[in-house]
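K.L.:
Sequence isn't available, so here's the structure alone:
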DNA sequence: AAAGGAACCGACCGGCGGGTCGGTTTAAGG
DNA sequence: CCTTAAACCGACCCGCCGGTCGGTTCCTTT
């Protein structure tokens, strides 16, 4: 089974390095040699494991990006607590570098979706679907929050969910490569203010 | 002076069509022939007027995108009224297609900034600078709002400004090509809620 | 009307990069 | 061992596209 292990390991190395470089330089601005040189692998090795650059990237999306986004932004929503702090916390965690996420996995969605939506509809759809899952989970937890009396009755949960996602994605464009901690902090602060606005007002004694 | 007119007209046609196609397909995914064929012009004509594709795009940024973003999102802020409705209105206007803006000029900034920030720092800087001007004007009008008692004293104006911009840019990724009117409407609604949160509370009688 | 240059033409160049393919190394199975 | 195929190698192919260049047309100027 050594051969089988080797295959797994090589594919995994290719995917990990590929994500790193694609994220850093963009998909279309990265050529395969950039990645292969780093790993001391050849074109032949690459095309032995993947049928095309596109197939390769789809594998990366499904095995790495999707997994990570779900783990960071979707799974944490699966709780019975007050939704707004839970959402805030998941986003804060997702923005925090240096933990499990050396790369800000959620953030890169904005870059890749923008890059692919005009070039490759198929890949764009895979990426959008990841956002979609996040969205439906947000909507669902927000609706429960309404029932549980944490969120004001007038709030449009679908609207709120896409607004949260939009602001999160948009931060990426502002942050760009500069890992500006101040901007991240500010963003979370403003998101809190927005959450204040949709929170159920406490009955004044 | 006929020659001079001709030159102006050709350059203008090139820029207008260029923006249209670049916006539609992305800069790096558009080749010059795509544009030239549409205008029945030749490579020779193009390189007579512009020294490179890059030079061409910079001209478009400065003469079309910048102008339009300023007109739609910056100029309207130059008023003494209550800031929050003014900001909301300018954004609503900017999102409204079919008026002066057949193309959503503010929106395309997200696409182009994302596209260039990993490919061409110079152009990325030009685009970021446009956002920067919007940002400082937002900060300035928000600060005045605080002085005038329209905005709560605890609000961080810089944070608020970048949050507004982030949410606006992020909408683009969600909307993508689909001119989803519902999503735009929802966005404006949620922005209103956020504005409620930073607005100076009316003194209860 | 002749000269000169601006506006424009379009065949061609050359680098880049995804993908191919015949060959070599390595390890599993008999 | 010795066969077989998986894993890997790297020279090569080829389409794409930004940019070039020698030429033609058209307007302006004198």
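P.N.:
Nice, I can see it. Since the model is a prediction, treat every value here as computed from it, not as a measurement.

K.L.:
So in chain A, which helix runs the longest?
P.N.:
The longest helix of chain A (DSSP state H) is helix A:121-147.

K.L.:
and chain A, which residues reach DNA strand D?
P.N.:
A:3-4, A:6-7, A:10, A:40-45, A:47-49 (CB under 7 Å from any atom of the strand). For the C-beta atoms, the positions are set from N, CA and C on the backbone; glycine is no exception.

K.L.:
and the residues you listed, which are buried?
P.N.:
Neighbour-count burial within the residues of chain A next to DNA strand D applies to A:10, A:41; the criterion is 16 or more other CB atoms under 10 Å in any protein chain shown.

K.L.:
For the residue in chain A that DNA strand D sits nearest to, pull up the helix or strand it's in.
P.N.:
Nearest residue of chain A to DNA strand D: residue A:44, at 1.7 Å (CB to the nearest atom of the strand). In the assignment (DSSP states H and E), residue A:44 maps to helix A:43-49.

K.L.:
Helix, strand, or coil at the residue nearest in space to the middle of chain A?
P.N.:
The centroid of chain A falls nearest to residue A:106 when counting by CA atoms, centre = their mean (2.1 Å). What DSSP: H, G, I helix; E, B strand; the rest coil gives for residue A:106 is helix.

K.L.:
what does chain A put close to DNA strand C?
P.N.:
Proximity of chain A to DNA strand C (CB under 7 Å from any atom of the strand) is limited to residues A:1-3, A:6, A:30-33, A:43-44, A:47, A:52-54.

K.L.:
Taking those residues together, which two end up most distant?
P.N.:
Largest separation among those by CB to CB: A:1 and A:31, giving 33.6 Å.

K.L.:
who's more crowded, those two?
P.N.:
Between residue A:1 and residue A:31, residue A:31 has the larger neighbour count (other CB atoms under 10 Å in any protein chain shown), namely 12 against 5.

K.L.:
where does the nearest residue to residue A:26 once chain neighbours are set aside fall, phi/psi-wise?
P.N.:
Ranked by CB to CB, 6 or more residues apart in numbering or on different chains and with sequence neighbours excluded, the top spatial neighbour of residue A:26 is residue B:118, at 4.3 Å. Main-chain dihedrals, residue B:118, degrees, to the nearest 10: phi -110, psi 0.

K.L.:
Can you report how many residues lie near residue B:118?
P.N.:
21.

K.L.:
Give me the neighbour count for the residue of chain A at minimum distance from chain B.
P.N.:
As assessed by CB to the nearest CB, chain B sits closest to residue A:170 within chain A, at 3.0 Å. A count of neighbours around residue A:170, defined by other CB under 10 Å, yields 26.

K.L.:
picking up where we left off before, tell me which residues of whichever helix or strand comes after the helix holding residue A:44 are tucked away?
P.N.:
Next helix or strand after helix A:43-49 toward the C-terminus (DSSP H and E): helix A:53-60. For helix A:53-60, a neighbour-count test (16+ other CB under 10 Å) marks A:53, A:56, A:57, A:58, A:59, A:60 as buried.
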